[in-house]
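generate coordinates for the sequence data below:
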Amino acid sequence: MKKTYKCEVDCANCAAKMEEAVKKIEGVTDARVNFMTQKFMLEADDAVYAEVLEKAVKACKKVEPDCEIEV
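Next comes the predicted model:
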């Protein structure tokens, strides 16, 4: 499953760090955080998508505590 969410990120460097952190999560097929469009794309297996999304949001918050991902 592949979904895109609105994501408020403060800088391109933070977006890159968030993307890198999410890609390390088990079950993630692909992830993109785009600072310019303020979008977060997550691709993962359907069976574990909800669990992976929750971990991805937590990983993003570790990098940038005030980021907002509209799930």
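
need the CA coordinates for stretch 56-70. CSV is fine.
Extracted C-alpha coordinates of stretch 56-70, given in CSV (Å, rounded to 0.1, in the frame of the first residue of the first chain):
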residue,chain,number,x,y,z
ALA,A,56,7.1,6.2,11.0
VAL,A,57,5.2,9.1,12.7
LYS,A,58,7.2,8.4,15.9
ALA,A,59,10.5,8.3,14.0
CYS,A,60,9.7,11.7,12.4
LYS,A,61,8.8,13.2,15.7
LYS,A,62,12.2,12.1,17.1
VAL,A,63,13.9,14.0,14.3
GLU,A,64,11.7,17.1,14.5
PRO,A,65,9.4,17.1,17.5
ASP,A,66,7.2,19.9,16.2
CYS,A,67,6.5,18.3,12.8
GLU,A,68,2.9,17.5,11.9
ILE,A,69,1.8,14.6,9.8
GLU,A,70,-1.9,14.6,9.0
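
and that stretch, what's buried?
Neighbour-count burial for stretch 56-70, with 16 or more other Cβ atoms under 10 Å as criterion, is recorded at 56, 57, 59, 60, 63, 64, 67, 68, 69. Every C-beta, even on glycine, is put in place using the N, C-alpha and C of the backbone.

same check on stretch 15-28?
Buried-residue list, stretch 15-28, by 16+ other Cβ under 10 Å: 15, 17, 18, 19, 21, 22, 25, 28.

from the chain's centre, how far out does the least confident helix or strand in the chain by mean pLDDT sit?
The helix or strand of the chain with the poorest confidence is strand 68-70; it has a mean of 93 (mean pLDDT, DSSP states H and E). The chain centroid and the centroid of strand 68-70 are separated by 9 Å, computed with Cα atoms, centre = their mean, to the nearest Å.

separation between residue 35 and residue 10?
From residue 35 across to residue 10, the span is 8 Å (Cβ to Cβ, to the nearest Å).

between these two, tell me which one has more neighbours.
residue 35 (17 against 11; other Cβ atoms under 10 Å).

which ones are touching the more buried one?
9, 11, 12, 14, 15 (Cβ atoms under 8 Å, 6 or more residues apart in numbering).

you'd agree the last one is up against residue 37?
No: taking contact to mean Cβ atoms under 8 Å, the distance of 10.1 Å between residue 15 and residue 37 leaves them out of contact.
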